[in-house]
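Asker: Build me a structure from this.
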Amino acid sequence: MIDSNAPWSGRVKRTTATRRFAPLLMAAVLLRMSAASAAPPVACDDSYVHAQRLRKEAKLIEAREELRVCARPACPNLMVNDCTRWLEEVDASIPSVVPLATDEQGVNLVDVKLSIDGVPRSSSLDGTVIDLDPGPHKFTFELASRPVSETTVLVAIGEKNKRVAVTLEGPPISAAPPHTSMSAQRIAGITLGAAGVLSLGVGVAFGVDALMQQHDAGCPGNVCGAGANPSALRSAHTDGNVSTATLIVGGVLAAAGVTTWLLAPRPSAERATGWIRPGAVSVAGGGGVGVVGEW
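Answerer: Coordinates of the predicted model:
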């Protein structure tokens with residue numbers, strides 16, 4: 001600040017001195033600002049070393065990021081020259097792919113989720129180029145209601161815009177196999193068969209009881225002598241008649257149940273694997289019952 005009360009000559013000298021040192025002060029400020037924004041020397045050194053190691057390990061994507069650090073003007077000139085040259089070489093060596101998915105008609109699908117090596121990369125396919133390290137990579141394509149498609153592709157150093165295309169086929173995946181209900185006719189066949197088996201069991205029980213009572217009656221040839229038990233013989237005859245009737249009914253019901261089951265219409269899923277059923281056949285001199293079917 002210039003003192004307005006100072007002599008004129010003194011004010012002129014101080015003003016001249018201020019103008020003389022102004023460029024130097026401005027240069028110092030610019031150098032300080034440049035130094036504050038420059039990358040630390042340690043970052044340059046680390047990136048310079050790490051980039052070379054990553055490049056030898058074929059981890060070109062990571063090597064490129066490190067080279068971008070040590071190629072900045074803030075780093076020493078020697079490093080900048082090397083990193084700039086290496087960065088150009090790495091850029092040219094990094095392979096790239098273009099993932100694509102189509103349906104059965106060859107139409108490109110967009111709403112497809114893409115994962116590479118198990119890592120999600122995008123929720124849709126738009127023809128974007130993806131840079132990768134050289135080597136084999138597993139691509140997984142997912143679209144709602146369609147089977148997942150996976151493919152492993154080898155990408156080589158310097159291979160650019162390689163197409164990785166798959167076909168996502170239908171039909172949509174069903175959450176569970178179709179339910180096939182049993183027809184009423186088949187249920188009736190099961191019921192008749194069960195009733196027949198039960199009747200046969202009852203008939204056998206009455207038959208056994210009739211034999212035991214006939215033995216206890218002591219009437220050989222149904223002739224009761226002294227000391228015999230005619231009432232036991234009569235009970236044996238009654239139980240025998242019941243046994244015969246229930247055995248006949250049970251046999252008829254069992255046969256009807258089996259026939260009803262075999263003649264019942266089968267669900268489409270079962271029909272696809274074949275069927276077998278009894279049917280009338282004609283032979284020379286007569287007829288009969290045989291088994292017919294299809295597979």
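Asker: Skipping adjacent residues, who's closest to Phe206 in space?
Answerer: Ser243 (3.6 Å; CB to CB, 6 or more residues apart in numbering). For the C-beta atoms, the positions are set from N, CA and C on the backbone; glycine is no exception.
Asker: Spit out the contact partners of the one you found.
Answerer: 203-207, 209-210 (CB atoms under 8 Å, 6 or more residues apart in numbering).
Asker: And for Phe206, the neighbour number?
Answerer: 20 (other CB atoms under 10 Å).
Asker: where's it, which helix or strand?
Answerer: helix 184-217 (DSSP states H and E).
Asker: Okay, angle between the next helix or strand along the chain from that helix and helix 184-217 too, please.
Answerer: Later in the chain than helix 184-217, the nearest helix or strand by DSSP H and E is helix 230-263. Orientation check (axes from the mean of the first three to the mean of the last three CA atoms, to 10 degrees): helix 230-263 against helix 184-217 gives 160 degrees.
Asker: What segments of the stretch 51-200 of the chain are helices?
Answerer: Counting by DSSP state H, counting those that start in this stretch, the stretch 51-200 of the chain has helices at residues 60-70, 77-93, 184-217.
Asker: Are there helices or strands packed against the first one, and which ones?
Answerer: Other elements packing on helix 60-70 under the criterion 3 or more CB pairs under 8 Å, 6 or more residues apart in numbering; DSSP states H and E are helix 41-56, helix 77-93.
Asker: Let's test this: mean pLDDT of the first one, rounded?
Answerer: For helix 41-56, mean pLDDT rounds to 92.
Asker: which of the residues in that helix are buried?
Answerer: Neighbour-count burial for helix 41-56, counted by 16 or more other CB atoms under 10 Å, picks out 43-44, 47-48, 50-52, 54-55.
Asker: now for the helices of the stretch 51-200 of the chain, which one comes closest to His137?
Answerer: helix 60-70 (12.1 Å; CB to CB).
Asker: ok, Leu154 - contacts?
Answerer: 135-137.
Asker: Got a quick PyMOL command for the buried subset of those?
Answerer: Listed next is the PyMOL selection for buried residues among the contacts of Leu154, using 16+ other CB under 10 Å:
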select buried, resi 137
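Asker: In strands, which of the contacts of Leu154 appear?
Answerer: If you go by DSSP state E, the contacts of Leu154 have 135-137 in strands.
Asker: Measure how buried Pro147 is and give me the count.
Answerer: 14.
Asker: Mind pulling up the pLDDT for it?
Answerer: 91.
Asker: With Thr152 instead?
Answerer: 96.
Asker: Tell me who's in contact with it.
Answerer: Applying CB under 8 Å, 6+ apart, the residues near Thr152 are 136-139.
Asker: can you list those residues in JSON lines and add distance to Lys162 and pLDDT?
Answerer: Output for these, formatted as JSON lines (distance: CB to CB, whole Å; pLDDT from 0 to 100):
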{"residue": "Pro136", "distance to Lys162": "13", "pLDDT": "97"}
{"residue": "His137", "distance to Lys162": "10", "pLDDT": "97"}
{"residue": "Lys138", "distance to Lys162": "15", "pLDDT": "97"}
{"residue": "Phe139", "distance to Lys162": "11", "pLDDT": "97"}
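Asker: So which of those is the closest to Val98?
Answerer: Phe139 (11.3 Å).
Asker: ok, the closest one to Ser149 distance?
Answerer: 8 Å (CB to CB, to the nearest Å).
Asker: ok, those two, which is more surrounded?
Answerer: Neighbours were counted for Phe139 and for Ser149 using other CB under 10 Å; Phe139 has more, 21 against 16.
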